[in-house]
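>>> What shape does this take:
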Amino acid sequence: MTGYADPRRIEAMIEGLDRFTATPGRGTTRLTYSAEYRAAADFVTGWMRDAGLTVRQDAVGTIIGRIEGRNPDLSPILVGSHLDSVPNGGRFDGPAGVVAGIETAFLFRDLGLVPDRPVEVVAMVEEEGTRFGGGLFGSRLLTGAIAPEALEDLRDGQGVSAAEAMRAYGLDPARAGEAARAPGSVHAFLELHIEQGPVLEAEGRDIAVVQTIVGLAQLRVTVRGQAAHAGTTPMDQRRDALVGAVGILAQLPDLARQVGRGAVLTVGRMEVLPGGANVIPDLVTFTIDLRAPAEADVLRLIEMVEGTVAHAQGNGLSCSIERQLYAPPTPLSDQIQTALLAQAEGLGLSHRVMVSGAGHDAMILAGLAPTGLIFVPSRGGVSHAPEEWTDYAQLARGTDLIFATIRQMSGAVPG
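Residues are numbered from 1 along each chain as shown. Next up is the predicted model:
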């Protein structure tokens, strides 16, 4: 039987967080280390303290709330997700997992439970890659996959480096390595996320236990030409970077279709400079996000894209491509899947097992500790848009599963 989590408390946290956006009335836009992000972090910190957690901020800005265990030297169970958003996104992607962790802490407090091993609720930075590119930035810092010196080179659309943004936020980028967790220092990681697809709603199921997360890569293409006057430069003497970029872009969808087997490719961001209506563009950059369930297909698609970009060289244009992120398909812990499914049965939750077509912090944390990921339904399958919605009762059912699994894994008993 379900009914542990409080949907009204979950709603208060989700709706409260949604106030902190740079685009009121047009969805959630909350970039890492921005003023909106600071307000959201402070809001989450307050709720964590209300739940009885001991709260700290690590060297890269991840908020960590801890339930101390009877054996505090044991490695902790981590639960949570991220606070940043895509531009004009939804209120649930990321925050739902953080809120599920905080609500779990409230349930430990309300039921008087004390775990044997510590439990830590984490609210991570920059999962989406919206500000600095590459995605999964916070979890990669948490696992030591990004060196502190690289923070000087990662820049946002305004040219601000991650290191500069951290300093403005009150952090020291030289100490970023202190956020990395050593192998063996984490017992397990659990994440709740909205499905971001239509399957659970269509099947009328409460939750899904994720078996595997697809492989993904994020690339950045640069095409350089020569700026010139739009009215005085003959067509056969132009070095138009935008024309070259369009030639590449026109071929990309067919590459994914050729690979098939669930491969997808998306161009999500593009910049044309100098940006004058009467100036021939001399610089075009755009991003490519590509994914496939099989690693061989991801690697083949990357190779095909790189070949297409290289072939576009010439006629006065130069082209380059940068791999900002690569993550192979990630199988999640069989042991934790079994535990989640057993708890779902005990709670009377309708469930299924599925593959995630979206990347999540869980795919990075899986390299550090046994990891589990669950989905709750998304209305209409819509995500990364203001219309993104998951009913609070459904979030509560997913939180019940997270709570019951952590209670079992942590050896919690009445204090």
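
>>> C-alpha from now on. contacts and neighbour counts both.
Fine.

>>> What is the burial count for Ala182?
When neighbours are defined as other Cα atoms under 10 Å, Ala182 has 11 of them.

>>> residue contacts, the residue nearest to it when sequence neighbours are not counted?
Closest residue to Ala182 apart from its sequence neighbours, by Cα to Cα, 6 or more residues apart in numbering: Thr143 at 7.4 Å. With contacts defined as Cα atoms under 8 Å, 6 or more residues apart in numbering, the neighbours of Thr143 are Ala180, Arg181, Ala182, Ile364, Leu365, Leu368.

>>> which pair in these spans the largest distance?
Taking Cα to Cα, the two most distant members of the contacts of Thr143 are Ala182 and Ile364; they sit 13.6 Å apart.

>>> Report the secondary structure state of the residue nearest the centre of the chain.
For the chain, Glu127 is the residue whose C-alpha lies nearest the centre (Cα atoms, centre = their mean; 3.3 Å). Taking DSSP: H, G, I helix; E, B strand; the rest coil as the rule, one finds Glu127 in the coil state.

>>> doesn't Arg140 make contact with it?
No - at 9.1 Å, Glu127 does not count as touching Arg140 under the criterion of Cα atoms under 8 Å.

>>> who's in contact with the helix or strand hosting Gln324?
Under the criterion DSSP states H and E, the helix or strand holding Gln324 is strand 318-327. When contacts are defined by Cα under 8 Å, 6+ apart, strand 318-327 is touched by residues 133-135, 215-225, 306, 309-310, 312-313, 363.

>>> Out of those, list just those in helices.
Of these, the ones assigned to helices by DSSP state H are Glu306, Val309, Ala310, Met363.

>>> In space, what's closest to the first one - neighbours in sequence excluded?
To tie it back to what came earlier, the one meant is Glu306. Spatially, and ignoring its direct neighbours in sequence, Glu306 is nearest to Ile321 (7.0 Å; Cα to Cα, 6+ apart).

>>> gap between the one you found and Met235?
Relative to Met235, Ile321 is positioned 27 Å away (Cα to Cα, to the nearest Å).

>>> same deal with Pro293?
Taking Cα to Cα as the criterion, Pro293 is separated from Met235 by 44 Å.

>>> So if I had to pick from those two, which one is more boxed in?
Comparing Pro293 with Met235 by neighbour count (other Cα under 10 Å), the higher total belongs to Pro293, at 22 against 10.

>>> The residue lying closest to the more buried one once chain neighbours are set aside - how many residues pack around it?
In this structure, Pro293 finds its nearest non-sequential neighbour in Val214, 4.5 Å apart by Cα to Cα, 6+ apart. Val214 is flanked by 24 other residues according to other Cα under 10 Å.

>>> about what we covered before: filter the contacts of strand 318-327 down to the buried ones, PyMOL style.
Restricted to the buried members of the contacts of strand 318-327, where burial is judged by 16 or more other Cα atoms under 10 Å, the PyMOL selection command reads as follows:
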select buried, resi 133+134+135+215+216+217+218+219+220+221+222+223+224+225+306+309+312+363
